[in-house]
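Colleague: Fold the following.
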Amino acid sequence: MPIIAQTTITQKGQITIPKKFREKFNIKPYSKLHLETARDHIKITPVVDILDLAGKYKPIKKKSVLRAREEMERAYRRS
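Modeller: Numbers count the residues shown, from 1 in each chain. Here you go, the predicted model:
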């Protein structure tokens, strides 16, 4: 069943996303949202931040963070 709500635009052009929407889509304070226009509506999609992926994947080889950083610096020299 779809969730239906109504909100108001402030003088500064801001809107509040109702709590039931934020909970359903796991939108936290300072989350990023993607807005896209269509013919007669605006599509709002939560953006997955790279930091949200931290800890979800295990490295193939165990390597210290310091060593990985050193290797990265050697491979990608700054101009």
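Colleague: CA atoms for contacts and neighbours, from now on please.
Modeller: OK.
Colleague: what residue ranges in the protein score low on pLDDT?
Modeller: 78-79 (pLDDT under 70).
Colleague: Tell me where it has strands.
Modeller: Secondary structure of the chain by DSSP state E: the strands cover 33-37, 42-46.
Colleague: So for Ile9, which of these sits nearest?
Modeller: Shortest distance between Ile9 and those, using CA to CA, is found for strand 42-46: 13.8 Å.
Colleague: got the buried residues for the closest one?
Modeller: When burial is assessed from 16 or more other CA atoms under 10 Å, strand 42-46 yields no buried residues.
Colleague: Relative to it, what are the paired strands and their orientations?
Modeller: strand 33-37 (antiparallel) (DSSP bridges).
Colleague: got a list of contacts for the partner strand?
Modeller: The contact list for strand 33-37, computed with CA atoms under 8 Å, 6 or more residues apart in numbering, reads 42-47.
Colleague: can you pull up the bridge partners for the nearest residue to Phe25 once chain neighbours are set aside?
Modeller: Among residues not flanking Phe25 along the chain, Pro46 sits closest, at 7.3 Å (CA to CA, 6 or more residues apart in numbering). Listed beta-bridge partners, Pro46: Leu33 (assigned using DSSP bridges).
Colleague: What's the separation between Pro46 and Lys58?
Modeller: Using CA to CA, to the nearest Å, Pro46 is found at 25 Å from Lys58.
Colleague: for Glu73, same thing?
Modeller: 22 Å.
Colleague: neighbour-wise, which of the two wins?
Modeller: Glu73 (11 against 8; other CA atoms under 10 Å).
Colleague: residue boundaries of the helices in this structure?
Modeller: Secondary structure of the chain (DSSP state H): helices at 19-24, 65-75.
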